[in-house]
Every structure is written in structure tokens, then in C-alpha cells.
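Enquirer: I would like to see how this sequence folds:
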Amino acid sequence: MLRYAVIFFIIALIAALFGFTGIAAGATEIAKILFFVFIIIAVVTFVLNMLKR
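Expert: Predicted structure coming up:
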């Protein structure tokens, strides 16, 4: 999940560099969503693993 967030962030940077602001904005939003989903899943997994012990 984090890998895809980084890939979309790189796509956004490259699109912004070439002036494709619409594509860059879209890729940035997707990267943000994927990053926050990754954080939520990581925290839930961490908490569940702590409760098992």
C-alpha cells in the first residue's frame, strides 16, 4: 500500500514538472488517500498484535 502511495507521489511530481497540473493534483490526492489507509491499517495491525500478547 505504501509502495503505491510513493508511486503516485512520484507520478504527481513528474506531472507537475511537465505542467500537467490536473494529473498532478489527481495523483497527489490518490497518494494521500493511500498513505492514510496504510497508516490506519498499520495502527490497527499493531494494536491487534499487542492485544494478542
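Enquirer: from here on, contacts and neighbour counts on C-alpha atoms
Expert: Fine.
Enquirer: Find the least confident helix or strand in the chain, judged by mean pLDDT.
Expert: helix 2-17 (a mean of 91; mean pLDDT, DSSP states H and E).
Enquirer: Quick check: buried residues in that helix?
Expert: Under the neighbour-count criterion of 16 or more other Cα atoms under 10 Å, helix 2-17 has 5-6, 8-13, 15 buried.
Enquirer: Kindly report the same for stretch 21-39.
Expert: Those would be 23-25, 27-32, 34-35, 38, for stretch 21-39 by 16+ other Cα under 10 Å.
Enquirer: And it, how far out from the chain middle?
Expert: Distance of stretch 21-39 from the chain centroid (Cα atoms, centre = their mean, to the nearest Å) equals 6 Å.
Enquirer: what's the longest helix seen in the chain packed up against?
Expert: The single longest helix within the chain, with elements called by DSSP state H, is helix 21-52. If you count contacts as 3 or more Cα pairs under 8 Å, 6 or more residues apart in numbering; DSSP states H and E, helix 21-52 packs onto helix 2-17.
Enquirer: okay, the angle between the helix it packs on and helix 21-52?
Expert: For helix 2-17 against helix 21-52, the angle by axes from the mean of the first three to the mean of the last three Cα atoms, to 10 degrees is 160 degrees.
Enquirer: for helix 2-17, packing partners?
Expert: By 3+ Cα pairs under 8 Å, 6+ apart, helix 2-17 packs against helix 21-52.
Enquirer: So what's the gap between the helix it packs on and the chain middle?
Expert: Offset of helix 21-52 from its chain centre (Cα atoms, centre = their mean): 5 Å.
Enquirer: same deal with stretch 11-29?
Expert: 14 Å.
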